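Visitor: I'll drop the sequence and a predicted model, then ask my questions.
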Amino acid sequence: MQPGAPQGPQSGYPAPPQGYPGVMHPGPAPTHQLDPYAQVPGRIVVAGLTKQFKRVRAVDNLSFTVEPGTVTGFLGPNGAGKTTTLRMLLSLISTTAGVATIGGRHYSDLGAPLRTVGAALEASSFHLARSGRNHLRILCAAAEIPEYRVDQVLQLVGMMPAANRKVKSYSMGMKQRLGLATALLGDPQVLLLDEPTNGLDPEGIRWMRGFLRGLAAQGRTILVSSHLLAEVTQTVDDVVIIAHGQSRRQGKVADLIAEAKQSVRVNTGSVDALLQALGNQVTVRRTSATELYIDNMNSKDVGKLAHQAGIELDELSTVHADLEEVFLQYTRGGAGIR
Amino acid sequence: MTGLLRSEYLKIITTKVWWTMLLGLLGILALALLINGVIVAEALDNDFNNQSLNQLAAGIYTSGQYFGVLFSAILGTLLITNEFHHQTATSTFLATPRRVEVVIAKLVVAVGWGVLYGLMCTVISIPVGAAILSSLDSESALGEGDVLKAILLNLLAFGVWAVLGLGIGTLLQNQVGAVVTLIVAYFGAQVVGAILLALGEAWDWDWLGGVYYYLPYGATQVMTSADKIADNAPAWWGGMLLVLLYGAVAAFFGSWLTAKRDIT
């Protein structure tokens, strides 16, 4: 673990927003006090949200905001409470405490919910003996959306060729696409996507990333959950990291990437000469007879130094610490089976 | 609401359950007509076996009811348990977060579908039944008010049983569990009723034997008979009120449970 890495709530990092006035833990003053009922179209507000299942506190006093037109990654290990949070946002499960609103309203109070919010939760929630097209037709009827939207969204996700086949013949990737089509049926401003890349092959993942970027470019508010940070860094602006149902880190994804420490890898026949040239100002790890890792100096300076000392370098490259490592530091101990 | 009704209607016709059950019902109807024909022939030979012609005629014109209302109930059960079995409840309640509206739409469609099953049995039973009666040199009794009442209330029975099935489906959620429970309870109640009837006679406790007529299928029989079915049974309208009461309780609990339940 790198020095200064967050070890818990006592670390030097800003504490995640805690508590919502009047709900559960009074705690320290919240860093943002947005009125969850302020009618800002496309804004998602989660405030002091808590869900106690019989024995498990799946979501514990969680607060965050997604501003209109931004793409937020909702990250956490499996079992951290992501799906439970999304289901509370969608009025599918009741809340134990706190509020979750979209555009200042509870989902169940939205007049035309599918035209306001589109959600893709699990890729398995289709009747296997029904065709993809009929699945969409049924929802169109229920939400009073004109049926021509069915073919439009099928086209959009590239599912036209398989539209009349039964869902049971679909691959995981096709089910994910059908899920996306379902979410887009009402052409909503807000999209909630639960692990849309789950179970996809690399090509499917690439397609999904591109598709999400396209949706984001249209100015939609997107909250996309994932248990892999690297999965969403190319797509999202902000991140909310949770573990054990609690917020662990919120902020710009760029800041998170910056936290991933950089070092310079050097391969040279004259390791000793280079070490001498570097002096004491840097931290060096020697990993083999010819290889060094140099911290707190960039590759350009290392190259200049070597050149001045007349040392021939076989390799000079910048190495990023694994982004997942940063993610793990926030979520450590918050994984899995509870 | 029209959109919701159309949605529920589409849910039924986009899978094959409805017509496989319809085919099964047709097979059972043929068997029921055969059996009822034999019963009527035997009764006519034996001085009506203490039954009126109206009663015998109503019996043959409501052929298929015994299994038909069970099929109707199973369809009602599937309408709700399908949503949980295939996890389509999520998308259903996302499209319509006011869940009671969904349940009401399901109830309406289930009743409609049940009545349709009943109608199908009726349009076959009437000409076939009339032909059987005329072949036995008997009147058709189709002009009799009591017979027509029994035929119409038979359609109501198909509708209400769909509601009962839907209620059990919301209660149990598990598809296989709900269907099995429905079938076991349906036939189990007949057995219990028969035992109570026998005990009531043995001990001379009239009310005990009458208990059967207050159970859902007993009340259905009371409602769809041309004559009073037994001394210790309620009148036809009492049976109808009971059947409607069972249906209302099932519908109420179905709505209430569905509205408050977490959809995970």
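Guide: Cool, the structure landed.

Visitor: Show me which residues of the stretch 151-300 of chain A sit near chain B.
Guide: A:Thr182 (C-beta under 8 Å from any C-beta of the partner chain). Any C-beta I mention is one placed from the backbone N, CA and C, and that applies to glycine too.

Visitor: Would you map the helices across the stretch 151-264 of chain B?
Guide: All helices of the stretch 151-264 of chain B, identified by DSSP state H, counting those that start in this stretch, fall at B:175-203, B:206-210, B:216-223, B:236-260.

Visitor: make that the stretch 201-338 of chain A, sorry
Guide: Going by DSSP H, counting those that start in this stretch, the stretch 201-338 of chain A shows helices at A:202-217, A:229-232, A:253-259, A:271-278, A:299-308, A:323-331.

Visitor: Indicate which one of the ones you listed is closest to B:Gly24.
Guide: Distance to B:Gly24, taken as C-beta to C-beta, is lowest for helix A:202-217 among the helices of the stretch 201-338 of chain A, at 41.6 Å.

Visitor: Give the burial count for B:Ser125, as a bare number.
Guide: Using other C-beta atoms under 10 Å in any protein chain shown, B:Ser125 has 24 neighbouring residues.

Visitor: Wait, a helix at it?
Guide: Yes - the assignment for B:Ser125 is a helix, going by DSSP: H, G, I helix; E, B strand; the rest coil.

Visitor: Nearest residue to it in space, ignoring adjacent ones along the chain?
Guide: B:Ser63 (4.5 Å; C-beta to C-beta, 6 or more residues apart in numbering or on different chains).

Visitor: you'd agree the one you found is up against B:Val38?
Guide: No - counting by C-beta atoms under 8 Å, B:Ser63 does not reach B:Val38; the two are 11.9 Å apart.

Visitor: quick one, which of these two is more surrounded?
Guide: B:Ser63 (27 against 11).

Visitor: tell me what the helix or strand of chain B with the lowest mean pLDDT is packed against?
Guide: When each helix and strand of chain B is scored by mean pLDDT, DSSP states H and E, helix B:206-210 comes last, with a mean of 79. Identification of packing neighbours for helix B:206-210 by 3 or more C-beta pairs under 8 Å, 6 or more residues apart in numbering or on different chains; DSSP states H and E yields helix B:175-203.

Visitor: rewinding a little: can you add mean pLDDT, distance to A:Ala80 and mean neighbour count and give the helices of the stretch 201-338 of chain A back as a markdown table?
Guide: As requested, the helices of the stretch 201-338 of chain A are exported to a markdown table (pLDDT from 0 to 100; distance: least, C-beta to C-beta, whole Å; neighbours: other C-beta atoms under 10 Å in any protein chain shown):
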| stretch | mean pLDDT | distance to A:Ala80 | mean neighbour count |
| --- | --- | --- | --- |
| helix A:202-217 | 87 | 21 | 16 |
| helix A:229-232 | 79 | 13 | 20 |
| helix A:253-259 | 79 | 17 | 16 |
| helix A:271-278 | 84 | 42 | 15 |
| helix A:299-308 | 86 | 37 | 15 |
| helix A:323-331 | 76 | 7 | 20 |
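
Visitor: Quick one: name the residues of the stretch 1-150 of chain A near chain B.
Guide: Counting by C-beta under 8 Å from any C-beta, the stretch 1-150 of chain A comes close to chain B at A:87, A:90-94, A:107-108, A:110, A:113-114, A:119, A:121-122, A:124-131, A:134-135, A:137-139, A:141-144.

Visitor: What about these, which are in helices?
Guide: Counted as lying in helices by DSSP state H, out of these, are A:Arg87, A:Pro113, A:Leu114, A:Asn134, A:His135, A:Arg137, A:Ile138, A:Leu139, A:Ala141, A:Ala142, A:Ala143.

Visitor: Just put the residues you listed in a markdown table and tack on neighbour count, pLDDT and distance to B:Leu94.
Guide: Shown next, in a markdown table, are these (neighbours: other C-beta atoms under 10 Å in any protein chain shown; pLDDT from 0 to 100; distance: C-beta to C-beta, whole Å):
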| residue | neighbour count | pLDDT | distance to B:Leu94 |
| --- | --- | --- | --- |
| A:Arg87 | 25 | 94 | 10 |
| A:Pro113 | 25 | 94 | 7 |
| A:Leu114 | 27 | 95 | 7 |
| A:Asn134 | 22 | 96 | 17 |
| A:His135 | 24 | 95 | 13 |
| A:Arg137 | 19 | 96 | 16 |
| A:Ile138 | 24 | 96 | 12 |
| A:Leu139 | 25 | 95 | 8 |
| A:Ala141 | 21 | 96 | 14 |
| A:Ala142 | 26 | 95 | 9 |
| A:Ala143 | 21 | 94 | 9 |
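
Visitor: Could I get the contacting residues of A:Ala143?
Guide: Applying C-beta atoms under 8 Å, 6 or more residues apart in numbering or on different chains, we find A:Ala143 in contact with A:Ala112, A:Pro113, A:Leu114, A:Arg115, A:Leu185, A:Gly186, B:Gly3, B:Ala95, B:Thr96.

Visitor: quick one: low-confidence ranges for chain B?
Guide: B:48-50 (pLDDT under 70).

Visitor: Can you tell me the centre-most residue of it?
Guide: B:Val69 (2.5 Å; C-alpha atoms, centre = their mean).

Visitor: Tell me how far that residue lies from B:Thr90.
Guide: Separation of B:Val69 from B:Thr90 (C-beta to C-beta, to the nearest Å): 32 Å.

Visitor: In the stretch 101-250 of chain A, where is pLDDT below threshold?
Guide: A:123-124.

Visitor: Could you pull up the contacting residues of the residue nearest to the centre of chain B?
Guide: B:Gly114, B:Ala157, B:Phe158, B:Trp161, B:Tyr217, B:Thr220.

Visitor: On the three-state scheme, it is what?
Guide: B:Val69 is classified as helix under three-state DSSP.

Visitor: I'd like to know how far the closest residue in space to it that isn't next to it in sequence sits from chain A.
Guide: Once flanking residues are discounted, B:Val69 sits nearest to B:Trp161: 3.9 Å by C-beta to C-beta, 6+ apart. Distance of B:Trp161 to chain A, computed by C-beta to the nearest C-beta, to the nearest Å: 24 Å.
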